[in-house]
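>>> Mind looking at a prediction? Sequence and model below.
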Amino acid sequence: MAPRVETIDISSEDEEDDTLSQKKKTYNPSAARNDDDDCLILDGDPNKPLQVASNTGKSSDELAILAEKGQVACRDYPHPRHLCATFPFDTNPHAKYCRLCHCYVCDTPAFCANWGTRVFSIEHCHSTDKKEIWIRKRNLIQSFKQLK
């Protein structure tokens, strides 16, 4: 038999009465079943080894990622170049891309016709959703694609 758990309901039903009143004590068998600290149901295998991130020597003193679990959207799925987790946009050459990078402007796999033209103003490898010029170019190309 489970240990008896008393439930005390404290509420203020009357808006005029600001003091809390103690309600009748009742026995709640479901609360007794849920109050077992000896048994815990886990979502996954706690003994499964975690994937340890490789140390490239370019780490920050402030933050170190020791392990990760599951998939990362901007690394494991197709993504625009400026959101790439493999080659972060701010710390790598923009022309460098992973196998899942896409051109933000053309919405095609990375290395589109305008990727590395050596003309900075038109190189799509520099495109980002933070600058209005690239957003306009993307919208223009998307509207042409819809006309076809």
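In hand now; what should we look at? Residues are numbered from 1 along each chain as shown.
>>> For the residue lying closest to residue 75 once chain neighbours are set aside, which residues are in contact?
Spatial nearest neighbour of residue 75, chain neighbours left out: residue 85 (3.8 Å); criterion: Cβ to Cβ, 6 or more residues apart in numbering. C-beta here means a position set from N, CA and C on the backbone, and glycine is covered the same way. With contact taken as Cβ atoms under 8 Å, 6 or more residues apart in numbering, residue 85 is in contact with 72, 74-75, 79.
>>> got any ranges where this protein has weak pLDDT?
With pLDDT under 70 as the threshold, the chain has low-confidence stretches at 1-38, 40, 42, 46-61.
>>> let's see 50
Counting by pLDDT under 50, the low-confidence segments of the chain come to 15-16, 18-23.
>>> Show me how this structure divides into domains.
Under the assignment automatic domain parsing, the domains of the chain span 1-39, 71-147.
>>> Please, where are all the helices along the protein?
In order along the chain, the chain carries the following helices (DSSP state H): 29-33, 73-76, 132-147.
>>> any idea which of these is most buried?
Per residue and on average, the most neighbours among the helices of the chain fall to helix 73-76, with a mean of 14 (mean count of other Cβ atoms under 10 Å).
>>> Residues touching that one, excluding its own?
Helix 73-76 is contacted by residues 79, 83-86, 98, 100 when judged by Cβ under 8 Å, 6+ apart.
>>> Repeat that for stretch 95-112.
Looking at stretch 95-112 with Cβ under 8 Å, 6+ apart, the contacting residues turn out to be 75-82, 84, 86-87, 113-116, 123-125, 127-129, 134, 137-138, 141-142.
>>> Only alpha carbons, please: show it as CSV.
Once non-C-alpha atoms are left out, stretch 95-112 reads as follows in CSV (Å, rounded to 0.1, in the frame of the first residue of the first chain):
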residue,chain,number,x,y,z
ALA,A,95,33.7,31.7,-50.2
LYS,A,96,34.3,28.6,-48.0
TYR,A,97,31.3,26.4,-47.7
CYS,A,98,30.2,22.9,-46.5
ARG,A,99,28.4,20.3,-48.6
LEU,A,100,25.0,21.5,-47.3
CYS,A,101,25.4,25.2,-47.8
HIS,A,102,23.1,27.0,-50.2
CYS,A,103,23.4,30.4,-51.9
TYR,A,104,21.1,32.7,-50.1
VAL,A,105,20.3,34.7,-53.3
CYS,A,106,19.8,31.9,-55.8
ASP,A,107,18.5,29.3,-53.3
THR,A,108,20.7,26.6,-55.0
PRO,A,109,23.5,24.5,-53.6
ALA,A,110,26.6,26.6,-52.8
PHE,A,111,28.9,27.6,-55.5
CYS,A,112,26.3,29.2,-57.8
